[in-house]
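Peer 1: Quick one, structure for this:
(chains A and B)
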Amino acid sequence: MSLIDVKNVYKIYNEDMDCEVRALNGVTMTINEGEFVAIVGASGSGKSTLMNVLGCLDVPTYGDYFLQGEDITELTDKELSRVRNKQIGFIFQGFNLISELTAFENVELPLIYRGNRTAERTRLAREALDRVGLTDRINHYPAEMSGGQQQRVAIARAIAPKPPIIMADEPTGNLDSKTSADVMQLLRSLHESGSTVILITHDPAIAATADRTVRLLDGKIVEDSANREYEAVL
Amino acid sequence: MNLRQSFRIAFKSIGAKKGRSFLTMLGIIIGVAAVIILVSLVQGYRDNMMAYWAKQGQNIINIYYSTWYQSKNITQDLYDYCLQLDEYIDGVTPSASLWGMNVKYGTKTLMDGQVFLGSDQYSICTNMKLASGRDLSYIDVKNANRVCILGDYARENLFNYANPIGKRILINGEPFTVVGVYKALYPIEEGKEESVWMHQYYDGQIVIPYTAKRLLQPSMEITAFTVKAKDKDSTTKAISYLGNWFSTRITPENGYYDVSSANTYIESSNEETRMLQIVLGGIAGIALMVGGIGIMNIMLVTVSERTREIGIRKAIGAERRAIVSQFLIESSVLSFLGGLIGIAVGALGTVVLGKVIFDLTLYPSMVIGAGAAGISVFIGIIFGAYPAVRASGLQPVEALRAE
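Peer 2: You can find the predicted model right below:
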């Protein structure tokens, strides 16, 4: 059984109107556990929409989405929250940290929603912040940190509850090349330690870091291939 | 996600957004405090006036007359007529005093002793209460007995702590026996300067039977009377009866008379303060409304910011219930805190301003305060929770899109 199984998914805005937009126009794909997938495409190709559907941040208009065999489209709002909390760690292009909370508090937040006790929360949050190399920044507010550091806090927040799937939507879009490399290094290492990592990018060099590339155009998958570089390494 | 964690998150959020939290509370604080202060000040002032009138006695009819020619003394006639009106009237007494009397007991002298001429119903008409001894009697008046009743201030000055009953004092050299002592109508209140002269004036009196004036000032004519009516309606009736009675005796050709009651004055001044209360209450209400709008404004201005925050929270796995309860707790705590501080500020303001402006010890109107606090807390909670209720139902991606 595959981890993610998407069948004939459509996301249609303003359906049956003149201005109808098909952001996803019949997408079918599967992702297995432990994969490192890059979803690429021009802007407007529907890659972000696909990512939002995969991350349970949005629901498809039509189609089926099975996550670990569970039909996501059948779930209630409450059950979706639980899936987002337990199964998926989401990393945004714009970091999406809560500016009034410190790095530690931001990382702790999903653990609070999960219902972890204080000691457990502190341990997991510290562990995650150590992993991204921000041990000495835990009491800083987002505004007191560089973009790269903020993104690392966001990564720590995503990985703190130890979800099986990490999803990153243009994680390096707002970062310079040096910090981009750091962030990619981190994602790569997460993949190596067993997580399934799904990544959106428009940068071929970043996409090349992944094992598999899925290319979208006008809401459809036009290419799905294992990376040559990766094969070459093998 | 349990309630304790909702509280933890809400308090963290309040602490993290100090500026907005303070502004939200400020609207409530100002609104509530303004309502309490304005309403309490007027209420307190009014209560104080009512208390003054209550002390003076209500349903009092004042009678003045004068004639161009020397006429027969009407005091006894009026007294007898009032007895016939006993259905409406509790008592009647001359309202006349002899000033600058030299009052002595042994070596002690009461400077500026004010000697009042009273009937046996003097105490009823002036609302004075006996502390000890007896009242003037009908016989005292009839026989012009040399007896007197001392006010508290007069007693204090002439006798200090000694018992004055049965002692003889000299008024302008004429001996009078003290038969009774009044309770103080205006005791001296600590730190209240006006209470000192109120005490000297109202409690400095010495009352003698009005017939005894012939011993002290025989030429003096009694031209003013005080009548105590039973109630409001009786006051009106008694005024008309007394007016008729006078009209048969005094015409514009030979004199002038006036029969009137302070009731009308009390009512009009009561009406005035009631109007003042309504107007100031209205102003305070506007202040509360402005405060409420301020709260709404702050809450609504931050909706998009908060919507984003809700999107983030949902994206990392917050359930709708957790978000709504966080926002509800957050706005309730802020609003309640604001309401409480507002009540405290209002209470303090009432006491301080009451002292400074009116020199009165006023008590804040807690019913009004609770009402005002209730309204602003309601507004605070509704508008604080509004973004949460609206945005928590969105898909996270839609909430995140809010800029």
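Peer 1: Which stretches in the chain count as helices?
Peer 2: This is for chain A. A:47-54, A:77-86, A:103-114, A:118-131, A:147-159, A:177-192, A:204-207, A:228-233 (DSSP state H).
Peer 1: Chain B was what I was after
Peer 2: Using DSSP H, the helices of chain B run over B:3-16, B:18-56, B:75-84, B:122-126, B:138-142, B:152-159, B:193-202, B:213-216, B:232-247, B:262-301, B:303-315, B:320-353, B:366-391, B:396-401.
Peer 1: what pairs with the nearest residue to residue B:122 once chain neighbours are set aside across the strands?
Peer 2: Nearest residue to residue B:122 in three dimensions, chain neighbours excluded: residue B:93, at 4.4 Å (C-beta to C-beta, 6 or more residues apart in numbering or on different chains). Heads up, the C-betas are built off the backbone N, CA and C, glycines and all. As for beta bridges, residue B:93 partners with residue B:226 under DSSP bridges.
Peer 1: circling back to that earlier point, right, and the helices of chain B - which one's nearest residue A:6?
Peer 2: Within those, the stretch nearest residue A:6 is helix B:396-401; the backing value is 16.6 Å (C-beta to C-beta).
Peer 1: Can you get me a residue count around residue B:172?
Peer 2: Using other C-beta atoms under 10 Å in any protein chain shown, residue B:172 has 15 neighbouring residues.
Peer 1: OK, contacts around it?
Peer 2: By C-beta atoms under 8 Å, 6 or more residues apart in numbering or on different chains, the residues touching residue B:172 are B:101, B:102, B:216.
Peer 1: how much space between the last one and residue B:46?
Peer 2: Same thing as residue B:216. 42 Å (C-beta to C-beta, to the nearest Å).
Peer 1: do the same with the first one
Peer 2: Separation of residue B:101 from residue B:46 (C-beta to C-beta) stands at 38 Å.
Peer 1: Of the two, which one has the most company?
Peer 2: The neighbour count for residue B:101 versus residue B:46, taken as other C-beta under 10 Å, is higher for residue B:101 (20 against 17).
Peer 1: looking at the sheet around the more buried one, what are its partners?
Peer 2: Beta-bridge pairing of residue B:101 under DSSP bridges involves residue B:113.
Peer 1: Name the nearest residue to the residue of chain B found nearest chain A, ignoring sequence neighbours.
Peer 2: When scored by C-beta to the nearest C-beta, chain B has residue B:317 as its residue closest to chain A, at 2.3 Å. Spatial nearest neighbour of residue B:317, excluding adjacent residues (C-beta to C-beta, 6+ apart): residue A:85 at 2.3 Å.
Peer 1: contacting residues for the one you found?
Peer 2: By C-beta under 8 Å, 6+ apart, residue A:85 lies in contact with A:110, A:113, A:114, A:161, B:316, B:317, B:318.
Peer 1: how about the residues of chain B that lie near chain A?
Peer 2: B:1-2, B:5, B:8-9, B:12-13, B:16-17, B:308-309, B:311-322, B:393, B:395-398, B:400 (C-beta under 8 Å from any C-beta of the partner chain).
Peer 1: Kindly write the ChimeraX command that selects the buried subset of the residues you listed.
Peer 2: With 16 or more other C-beta atoms under 10 Å in any protein chain shown as the criterion, this ChimeraX line picks the buried residues out of those:
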select /B:1,5,9,12,13,16,17,308,309,311,312,313,314,315,316,317,318,319,320,322,395,396,397,398,400
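Peer 1: any idea how far the residue in chain A positioned nearest to chain B is from residue A:79?
Peer 2: Residue nearest to chain B within chain A: residue A:85 (2.3 Å; C-beta to the nearest C-beta). Applying C-beta to C-beta, the value for residue A:85 to residue A:79 is 11 Å.
Peer 1: same thing with residue B:300?
Peer 2: Separation of residue B:300 from residue A:79 (C-beta to C-beta): 31 Å.
Peer 1: Next: residue B:56.
Peer 2: As judged by C-beta to C-beta, residue B:56 and residue A:79 stand 77 Å apart.
Peer 1: pLDDT score for residue B:72?
Peer 2: Note for residue B:72: predicted pLDDT of 66.
Peer 1: Please disregard the earlier target; I meant residue B:47.
Peer 2: So residue B:47 comes in at 81 (pLDDT).
Peer 1: How many residues are close by it?
Peer 2: Residue B:47: 16 neighbours (other C-beta under 10 Å).
Peer 1: any idea how far it is from residue B:364?
Peer 2: For residue B:47 relative to residue B:364 (C-beta to C-beta), the value is 12 Å.
Peer 1: Number of residues surrounding residue A:215?
Peer 2: Every residue meeting other C-beta under 10 Å relative to residue A:215 is counted, giving 18.
Peer 1: Tell me how many other residues crowd the residue lying closest to it once chain neighbours are set aside.
Peer 2: Using C-beta to C-beta, 6+ apart and skipping residues adjacent in sequence, the residue nearest residue A:215 is residue A:223, 3.8 Å away. Look at residue A:223: counted by other C-beta under 10 Å, it has 11 neighbours.
Peer 1: Could you pull up the contacting residues of residue A:223?
Peer 2: Here residue A:223 is in contact with A:213, A:214, A:215 (criterion: C-beta under 8 Å, 6+ apart).
Peer 1: just for chain B, where's the confidence low?
Peer 2: Within chain B, the segments meeting pLDDT under 70 span B:1-2, B:70-72, B:403.
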